[in-house]
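# I'd like to go over a predicted model; first the sequence, then the structure.
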Amino acid sequence: MRPTKQRQSLLQKGFTLVELLIVVIILAILAAIVVPQFASTTTDARDASLDTTLGNMRSAIDLYYQQHNSTFPGNSAASGATCPGGGTAGTGDTTTDLLRATAFISQMTMYTNALGQACSTTDAVFSFGPYLKKADLPDNPLGAGNALVVTSTGNLIMTGAAAPGAGWKYDAITGKFIADDTDELDR
């Protein structure tokens, strides 16, 4: 018995195994090309975010330097101020690098006077700043947090040490601000 025309048309519909394999191979090749581009896009976005954050921080440090008689933040005491309107005085001084880090954060996130003393309130004397909108440093986009390691060596060839939990490294003498990561030495 021969198949009818209707049966023949039903038998001829569909793809052969070879055709399906060719389609799967083509899709695999396309996936191999596209997936690595997504991974590099993530790295590019992280690097762009790091460049932007470094640029913003360096601009804020430069503005402080210009407004405070060529003195970088963290290179003068942020404490000792009598704040207007019952404001809170900044903390930190230049006796140790740890206190320099505290002074740096106070001077960048609060109002300051010409001497670098910091207050949470403003008036005609405390008329500079704040240089950062948040009350803390931004996070390092490399995932290292926002901890600050301050040095006072005056070394322009300062490099990242990748200390555990450190996000940034700053030299209070030169004003150099870098990501504290050994992979980002050229920034």
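Arrived safely, thanks for sending. Numbering: from 1, shown residues only.
# who are the packing partners of the longest helix seen in the chain?
Counting residues, the longest helix in the chain under DSSP state H turns out to be helix 17-67. Counting contacts by 3 or more CB pairs under 8 Å, 6 or more residues apart in numbering; DSSP states H and E, helix 17-67 packs against helix 97-109, strand 177-179. (C-beta placed from N, C-alpha, C; glycine too.)
# do you know how far the residue nearest the centre of the chain is from S59?
Residue closest to the average C-alpha location in the chain (CA atoms, centre = their mean): N140, at 3.4 Å. Between N140 and S59 the computed distance is 17 Å (CB to CB, to the nearest Å).
# wait, doesn't the residue nearest to the centre of the chain sit right on T53?
Yes. Under the criterion of CB atoms under 8 Å, N140 makes contact with T53 at 7.3 Å.
# picking that back up, nearest to G87, of the helices and strands packed on helix 17-67?
Closest of the helices and strands packed on helix 17-67 to G87 is helix 97-109, at 12.1 Å (criterion: CB to CB).
# average pLDDT for the following helix or strand past that closest one?
Downstream of helix 97-109, the next assigned helix or strand under DSSP states H and E is strand 111-112. Strand 111-112 comes out with an average pLDDT of 96.
# and strand 111-112, how far out from the chain middle?
24 Å (CA atoms, centre = their mean, to the nearest Å).
# quick one, grab the pLDDT at the nearest residue to A103 once chain neighbours are set aside.
Excluding the flanking residues, the one nearest A103 by CB to CB, 6 or more residues apart in numbering is G92, at 3.0 Å. Note on G92: pLDDT of 94.
# looks to me like G92 is in a helix.
No. Per DSSP: H, G, I helix; E, B strand; the rest coil, G92 lies outside any helix segment and is coil.
# can you pull the buried residues of stretch 76-85?
For stretch 76-85, burial by neighbour count (16 or more other CB atoms under 10 Å) applies to S76, A77, A78, S79, A81, C83.
# again but with stretch 97-107, I slipped
Using 16+ other CB under 10 Å as the test for burial, stretch 97-107 gives D97, L99, R100, A101, T102, A103, F104, I105, S106, Q107.
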